[in-house]
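*Asks:* the amino acid sequence is not available; the structure is as follows:
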């Protein structure tokens, strides 16, 4: 009796203190997206019973940093432990066929069986007729081998065989037609049977043994309680990169910059109605401080010294047009709201965060999804750049200041002028200059020409040397109704050997860099004015040594 009571008490104790499991799906509430990685925050409410419970949270990212998992909660319970694990489900066995599918399959099978018997019957009849035909054809009388047969008997036999063989042939043709029809019907039923079987197989595919990521929160409660649990973790299957829009209306107004985040994610779960925060931090870089070395500095190549054909800025021609009707149409309408108006920028110790108050849905497809982070108006000065030796066009250049306060990171920028896309460039926020220069494209209303002044271009021989004089004129025509500032660039040759001497005869009011030979004019051209600039130089070299063309 005492042994029975002891066993009963042990079983009761085991029942009372057994670990219960509760499986829940916890949706994503918010995500902090880093340049490489994302911190995902899940939460869910549930009812906890008295005692110990393992709360198993599913619907989380497929690959997470196990060391980053954190859990918290609200309610009268205690969190004992938090673990990340992979659950491997057993494959789901195919179940019994539904009655309607089974009835259709049985009916088709019965029809196939019946048609198989029909095929056998047709085949037997064909064999019988073929045997009769063969017997008749092998008859000696038909072959004329009977020596004692009279002509009348032979004629009668031939007539009989002719009729009989025709009947057999006709019957064989009929049987072949029936056999063909039976075969087609049989094939159709077999295809129908395959469709029924395949349909059911597709509807009842066994679940593969794909691991399911889980976060297990072990909790204990002294009584039944309503609770809310929250978990967050880091996964590296997401990130964002910056792109920008630079929009200029005309040269009298500042440039508007739109800061955009292109968010991508392959976490294995779709983000639905999630609050997004974009951070310029990068948790994958680790926490150990780097070592510092020697800082080498060199010359910075400004925009004016770059080749105008730099494919980072694809310029297009600008037409000087104004659509008054379009302006009147939209003048009194409220502008559409943009998502950047719902973004708060926070500067932390190590990085910058942009918290967007709008909720976004981002699928797990690895594609970039745009979120506008910030819109700013930047002070801009405009001038024109012309290099007529290479291109007889004037490029409108915007010199932007005040961008350092926006916490920009390197990224491509789309450039718009007067609501027209003119190209793109790369914004490199790591540069030391506080002025950003952006090309807004060619302007057809500014005409630039470069010609040779023939009366000042000649060749002279003196002793063993030759002196070449070269003179050029640059003209700038401003067809606009307002004054413009123009930077014009040209160059003179630079000698690399002592025997070749270059002399500047007339620099035409330009600033010259002797090391590079580049001439720079900064001119103000009035409305409808044509301004002309001249420069002249000479090159002296030994007459028996040819030089490159000038």
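*Replies:* Received it, and whenever you're ready, just let me know what you need. Owing to the predicted nature of the structure, the values given are computational and were not obtained by experimental measurement.

*Asks:* where do the helices of the stretch 1-150 of the chain begin and end?
*Replies:* 2-16, 99-137, 140-143 (DSSP state H, counting those that start in this stretch).

*Asks:* quickly, which of those helices bottoms out on average pLDDT?
*Replies:* Lowest mean pLDDT of those: helix 2-16, a mean of 44.

*Asks:* next, name the residue at the spatial heart of this protein.
*Replies:* residue 367 (4.1 Å; C-alpha atoms, centre = their mean).

*Asks:* residue 264 is in contact with that one, correct?
*Replies:* Yes. Counting by C-beta atoms under 8 Å, residue 264 is a contact partner of residue 367 at 6.2 Å. Where C-beta positions appear, they are placed from N, C-alpha and C, glycine not excepted.

*Asks:* wait, a strand at the residue nearest to the centre of the chain?
*Replies:* No. Counting by DSSP: H, G, I helix; E, B strand; the rest coil, residue 367 falls outside a strand, being coil.

*Asks:* just the pLDDT for it.
*Replies:* For residue 367, pLDDT reads 93.

*Asks:* would you map out the domains in the protein?
*Replies:* 17-92+209-235, 99-203, 238-288+313-444, 448-542 (automatic domain parsing).

*Asks:* average pLDDT for the first one, rounded please.
*Replies:* The predicted model gives domain 17-92+209-235 an average pLDDT of 92.

*Asks:* tell me the buried residues in the host helix or strand of residue 357?
*Replies:* Per DSSP states H and E, residue 357 falls inside strand 352-362. Neighbour counts over strand 352-362 (16 or more other C-beta atoms under 10 Å) mark 352-356, 360, 362 as buried.

*Asks:* that strand packs against which elements?
*Replies:* Contacts defined by 3 or more C-beta pairs under 8 Å, 6 or more residues apart in numbering; DSSP states H and E place strand 352-362 against strand 255-265, strand 271-279, strand 343-347, strand 369-387.

*Asks:* sheet partners, orientation included, of it?
*Replies:* Sheet pairing of strand 352-362 (DSSP bridges) gives strand 271-279 (antiparallel), strand 343-347 (antiparallel).

*Asks:* and these, which one is worst for confidence?
*Replies:* Lowest mean pLDDT within the strands paired with strand 352-362: strand 343-347, a mean of 52.

*Asks:* list the contacts for the residue lying closest to residue 281 once chain neighbours are set aside?
*Replies:* Distances taken as C-beta to C-beta, 6 or more residues apart in numbering put residue 351 closest to residue 281, at 3.8 Å, once the chain neighbours are dropped. Counting by C-beta atoms under 8 Å, 6 or more residues apart in numbering, residue 351 touches 279-281.

*Asks:* rewinding a little: which single one of the buried residues of strand 352-362 is nearest to residue 259?
*Replies:* residue 354 (7.9 Å; C-beta to C-beta).

*Asks:* go ahead and confirm the closest one touches residue 372.
*Replies:* No. Taking C-beta under 8 Å as the definition, residue 354 is not a contact partner of residue 372, at 9.7 Å.

*Asks:* picking that back up, now the strand holding residue 357 against strand 369-387, angle please.
*Replies:* Put simply, strand 352-362 runs at 120 degrees to strand 369-387, going by axes from the mean of the first three to the mean of the last three C-alpha atoms, to 10 degrees.

*Asks:* between strand 255-265 and strand 352-362, find me the angle.
*Replies:* 60 degrees.

*Asks:* from here on, count from 759
*Replies:* Let's use 759 as the start, then, which means that last one is strand 1110-1120.

*Asks:* ok now strand 1110-1120, how far from the chain's centre?
*Replies:* 20 Å (C-alpha atoms, centre = their mean, to the nearest Å).

*Asks:* equivalent analysis for stretch 836-846, please.
*Replies:* With C-alpha atoms, centre = their mean as the basis, the mean position of stretch 836-846 lies at 35 Å from the chain mean.

*Asks:* mind listing what's buried along it?
*Replies:* By 16+ other C-beta under 10 Å, the buried positions in stretch 836-846 come out as 840, 842.

*Asks:* who's in contact with that stretch?
*Replies:* 810, 822, 824, 827-831, 967, 969-979, 989, 991.

*Asks:* longest single helix anywhere in this protein?
*Replies:* The helix that spans the most residues within the chain, counting by DSSP state H, is helix 909-961.

*Asks:* low-confidence ranges in the stretch 1059-1208 of the chain?
*Replies:* 1059-1108, 1187-1191 (pLDDT under 70).

*Asks:* which one of the domains of the chain lies closest to residue 1306?
*Replies:* Per C-beta to C-beta, nearest to residue 1306 of these: domain 1206-1300, 8.3 Å.

*Asks:* so how far is the first residue of the closest one from its last?
*Replies:* Domain 1206-1300 stretches 36 Å from its first residue to its last (C-alpha to C-alpha, to the nearest Å).

*Asks:* is residue 991 in contact with residue 971, as I believe?
*Replies:* No. Counting by C-beta under 8 Å, residue 991 does not reach residue 971; the two are 9.8 Å apart.

*Asks:* mind listing the shared neighbours of these two?
*Replies:* Listed as contacting both residue 991 and residue 971 by C-beta under 8 Å, 6+ apart are 818-819, 822, 842.

*Asks:* now, these that are in strands?
*Replies:* Among the shared contacts of residue 991 and residue 971, the residues falling in strands (DSSP state E) are residue 842.

*Asks:* what about the residue nearest to residue 1039, distance to residue 781?
*Replies:* 37 Å (C-beta to C-beta, to the nearest Å).

*Asks:* residue 1042 - that's part of a helix, no?
*Replies:* Yes. Counting by three-state DSSP, residue 1042 falls inside a helix.

*Asks:* isn't it up against residue 994?
*Replies:* Yes. Residue 1042 is within contact range of residue 994, at 6.1 Å (criterion: C-beta under 8 Å).

*Asks:* more neighbours, these two?
*Replies:* residue 994 (17 against 13; other C-beta atoms under 10 Å).

*Asks:* what about the nearest residue to that one once chain neighbours are set aside, neighbour count?
*Replies:* Leaving aside its sequence neighbours, residue 994 sits nearest to residue 795 (C-beta to C-beta, 6+ apart; 4.6 Å). If you count neighbours by other C-beta under 10 Å, residue 795 ends up with 21.

*Asks:* cool, residue 874 as well?
*Replies:* Residue 874, neighbours per other C-beta under 10 Å, totals 12.

*Asks:* also residue 1293?
*Replies:* Counted by other C-beta under 10 Å, the residues lying close to residue 1293 total 23.

*Asks:* state the helix or strand in which it lies.
*Replies:* Here residue 1293, judged by DSSP H and E, is contained in strand 1288-1300.

*Asks:* what mean pLDDT does that strand have?
*Replies:* pLDDT averaged over strand 1288-1300 gives 94.
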